[in-house]
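Enquirer: Just a sequence and a predicted model for now, questions to come.
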Amino acid sequence: MNSPVRLAVASLALIAAGVWLGGLLVLGAIVAPTVFREVPAPTSADAMTIVFTRFDKLAMTCAAIVAVAEVVRLRIDRPSKIDRVDVARLAVIALAGALAVVQGTWLSPAIVALHQNGAIRGLGPLGEKLDSIHAWSERCGKAESLLLIVLVVLLARATSAHDSPENPARA
């Protein structure tokens, strides 16, 4: 039932989750360490605050896309009943999305403001505050990444479970 629509919605959710997760991993594991190692301060921080601010918008957009796509998929699959795996998937989406919003509306703007006020990580009161917020930002990114890995597995499982021959809803 609604197979082409369901496929499109499931694909959209997986693509958005993949872009979000891939972006987090590339920025955290490759871009930020390379820029901070190779580009002198404060230019490195100037560049990375722009990159992270832009990525935060992308991450929040991906979170919204995944959430809407999942709600649509659930309405197609189970208009009247959701099970524990569905609830788990929705919880993971909500938590990862909340972390993206925290990152984009609080942590990154706080880092940008501190950087613009001359803070240098670990130096003086502003630098200590920057260091603390940066540590929270890293924790947030790692938690988001872990949740998104779980989410991709759950989304793939939902797609393969729907397509299995034993599923009576399979069209």
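Expert: Ah, there it is.
Enquirer: what are the ranges of the helices in the protein?
Expert: In the chain, the segments counted as helices under DSSP state H are 3-26, 32-38, 43-77, 84-102, 108-116, 124-163.
Enquirer: Mean pLDDT and mean neighbour count added to those, as a markdown table?
Expert: Just so you know, the C-beta spots here come from the backbone N, C-alpha and C atoms, and that holds for glycine as well. Converted to a markdown table, the helices of the chain look like this (pLDDT from 0 to 100; neighbours: other C-beta atoms under 10 Å):
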| stretch | mean pLDDT | mean neighbour count |
| --- | --- | --- |
| helix 3-26 | 93 | 17 |
| helix 32-38 | 93 | 12 |
| helix 43-77 | 94 | 18 |
| helix 84-102 | 95 | 17 |
| helix 108-116 | 94 | 18 |
| helix 124-163 | 90 | 16 |
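Enquirer: Just the residues contacting stretch 63-70, thanks.
Expert: Stretch 63-70 has contacts (C-beta atoms under 8 Å, 6 or more residues apart in numbering) with 9-10, 12-13, 16-17, 20, 89-90, 93-94, 96-97, 100-101, 151, 155.
Enquirer: next one: stretch 115-125
Expert: With C-beta under 8 Å, 6+ apart as the test, stretch 115-125 has contacts from 41, 42, 45, 46, 49, 126, 127, 128, 129, 130, 131, 134.
Enquirer: With respect to residue 114, which of those is nearest?
Expert: Each of the contacts of stretch 115-125 was scored against residue 114 by C-beta to C-beta, and residue 130 proved nearest at 4.4 Å.
Enquirer: who's in contact with the closest one?
Expert: Residue 130 makes contacts with 111, 114, 115, 119, 120, 121, as judged by C-beta under 8 Å, 6+ apart.
Enquirer: Thanks a lot, catch you later.
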